[in-house]
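# let's see this in three dimensions:
(one chain, ligands or ions: 2)
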Amino acid sequence: MKIKEVTIRHLKMQLKNPFSTSFGTIYNKEFLVLEVRDEQGTIGFGESVAFEAPWYTEETLKTTWHMLEDFLIPLILNQEIQHPNDALELFKGIRKNNMAKSAIEGALWDIYAQQSNQSLAQAMGGMKEKIEVGISLGIQETIEKQIEVVDNAVKDGYKRIKLKIKPGWDVEVMRVLRKHFPDVPMMADANSAYTLKDIQTLKQLDEFNLMMIEQPLASDDIIDHAVLQKQIKTPICLDESILSLEDARKAVELGSCGVINIKIGRVGGISEAKKIHDYCEKMGIPVWCGGMLESGIGRAHNIALTALSNFVMPGDTAGSSHYFEQDIITPEVIAQDGYITVPQEVGIGYTPDLETIGKYTVASKTYK
Ligand SMILES: O=C(O)CCC(=O)C1=CC=C[C@@H](O)[C@@H]1C(=O)O
Ligand SMILES: [Mg+2]
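Numbers count the residues shown, from 1 in each chain. Ligands and ions are numbered 1, 2, ... in the order given. Have a look, this model is predicted:
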């Protein structure tokens, strides 16, 4: 393929339910959608998952636009690209900025899948026909409300419930929830809200038979996590700390985690995500696919990735209706009884709905 045109659109979509974590609350999802066209006229779509503010990683919507406009799109336009893996080589002179890289790389995978007449999942080597789905629930204002949202998610059939925790909203909350839901697979995500000084609190979480505790310590740490993992029974899952295959290797070799959450945007694209998946499979480390409150376009990429064999734990890929009144793809993503069917159609398997995309677009620019 030879890329001839890239359009960036900035979309703003109201979240049905505000999402609260240890950093604060998000009411709207603002993100970039990339429409990439090659010389044969094949169009691929990608999504930049960076938020407006740098609270999850350092990237933001504006930094990703800047990286795309000034560095990444010029590297891609008019280049002969045999396979989306080539993007790793093309981008190797640019450090990090993984969400920006991933947005455009995802669109190349979509084009590649269409031109090789495969679904995106097949193009990646994914064989599953359906995937198990979990749900990530934000911190609620009261414990009663927290019980209610967990109850609704259990009734909706989600295969595991992820709960956000922070100092002051942890052991007692989990105790109440475990009492109400003795058999529900549950886990906790702290988004780096603790340090090793909190080890006594973190040890108490062992009581609740959690599947894992996600990113309890600093967002760039693997050393302290290794210390903590030796002292708690619950497996640690790393999210923010893993930006590449090299990070995964070091974390596994140090014993910093028992599970890895792979987010395509955080690791710089599907090619790197696959490498981490393959390495973890070889090392006996289970992985699952994290979410970034994506629209249907990013969600479609996540579903395809989850079709790979070592995604053995339910991911944060809930159905579209959990997030938005109206998604920007047709059909929208439906989770039924905790499963999503992996589309078999060529490409991402859902059709981006340009009219709805237009409705949510607040700015756009085309590069050729
Ligand atoms: O439903 C989803 O898309 C998952 C949402 C979710 O848990 C997260 C999204 C973005 C940043 C974080 O707060 C968090 C995570 O850390 O996994
Ligand atoms: Mg997380």
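# can you name the residues bridging to Ile3?
Counting by DSSP bridges, Ile3 forms beta bridges with Asp38, Leu77.
# how deep is it tucked in, by neighbour count?
Using other C-beta atoms under 10 Å, Ile3 is surrounded by 24 other residues. No exception for glycine: its C-beta is placed from N, CA and C like everyone else's.
# check what pLDDT it gets.
Looking at Ile3, its pLDDT stands at 98.
# any idea how far it lies from ligand 1?
Separation of Ile3 from ligand 1 (C-beta to the nearest ligand atom, to the nearest Å): 28 Å.
# same check, this time on Ala226
Separation of Ala226 from ligand 1 (C-beta to the nearest ligand atom): 20 Å.
# which SSE is that residue in?
helix 223-231 (DSSP states H and E).
# pick out the residue of the stretch 201-350 of the chain closest to ligand 2.
Of all residues in the stretch 201-350 of the chain, Asp239 sits closest to ligand 2, at 3.6 Å by C-beta to the ion.
# pull the number of nearby residues for that residue.
23.
# so Lys16 sits in a strand?
Yes: the assignment for Lys16 is a strand, going by DSSP: H, G, I helix; E, B strand; the rest coil.
# count of neighbours near it?
12.
# tell me which residues touch it, please.
Listed by C-beta atoms under 8 Å, 6 or more residues apart in numbering, the contact set of Lys16 reads Ser321, His322, Tyr323, Phe324, Glu325.
# up against ligand 1, what does the stretch 151-300 of the chain have?
Asp189, Asn191, Asp239, Gly290, Gly291, Met292, Leu293 (C-beta under 6 Å from any ligand atom).
# contacting residues for the residue of the chain found nearest ligand 1?
Closest residue of the chain to ligand 1, C-beta to the nearest ligand atom: Gly291 (2.3 Å). Each residue near Gly291 by C-beta under 8 Å, 6+ apart is listed here: Ser136, Lys263, Arg299, Asn302, Gly315, Asp316, Thr317, Ala318.
# quick one: the fifth one and Thr306 touch, right?
In this case it means Gly315. Yes: applying C-beta atoms under 8 Å, one finds Gly315 in contact with Thr306, separated by 5.4 Å.
# overlap in contacts, those two.
Counting by C-beta under 8 Å, 6+ apart, the contacts common to Gly315 and Thr306 are Ile131, Trp288, Cys289.
# out of the contacts of Lys16, grab the one that's most surrounded.
Tyr323 (23 neighbours).
# for that one, which residues are in contact?
When contacts are counted by C-beta under 8 Å, 6+ apart, Tyr323 touches Leu15, Lys16, Asn17, Lys29, Leu293.
# right, and Ala251 touches Ile242 too?
Yes: counting by C-beta under 8 Å, Ala251 touches Ile242, with 6.4 Å between them.
# ok, the two, which is more surrounded?
More crowded of Ala251 and Ile242, by other C-beta under 10 Å: Ile242, with 28 against 23.
# the nearest residue in space to that one that is not next to it in sequence and Ile3, how far apart?
Nearest residue to Ile242, sequence neighbours excluded (C-beta to C-beta, 6 or more residues apart in numbering): Ala248, at 5.3 Å. Counting by C-beta to C-beta, to the nearest Å, the gap from Ala248 to Ile3 is 29 Å.
# do Val362 as well
25 Å.
# assign Gln204 to helix, strand or coil.
Gln204 ends up helix, using three-state DSSP.
# mind listing what the nearest residue to it once chain neighbours are set aside touches?
Excluding the flanking residues, the one nearest Gln204 by C-beta to C-beta, 6+ apart is Val171, at 4.7 Å. Counting by C-beta under 8 Å, 6+ apart, Val171 touches Thr201, Gln204, Leu205.
# ok, so of the residues you listed, who is nearest Glu281?
Nearest to Glu281 among these, counting by C-beta to C-beta, is Leu205 at 27.6 Å.
# right, and that closest one touches Met174 too?
Yes: assessed by C-beta under 8 Å, Leu205 is found in contact with Met174 at 6.3 Å.
# so how many other residues sit close to the residue nearest to Ile242?
Other residues within reach of Ala248, judged by other C-beta under 10 Å, total 28.
# and it, that's in a helix?
Yes: with three-state DSSP as the criterion, Ala248 is part of a helix.
# hmm, it is touching Glu281, no?
No: under the criterion of C-beta under 8 Å, Ala248 makes no contact with Glu281, lying 11.4 Å away.
# domains in this structure, by residue range?
Taking automatic domain parsing as the reference, the chain has its domains at 3-117+352-367, 122-348.
# identify the contacts common to Leu205 and Met174.
Counting by C-beta under 8 Å, 6+ apart, the contacts common to Leu205 and Met174 are Ala188.
# does the nearest residue to Ile143 once chain neighbours are set aside count as helix, strand or coil?
Nearest non-adjacent residue to Ile143, counting by C-beta to C-beta, 6+ apart: Val176, 5.7 Å away. Secondary structure assignment for Val176 (three-state DSSP): helix.
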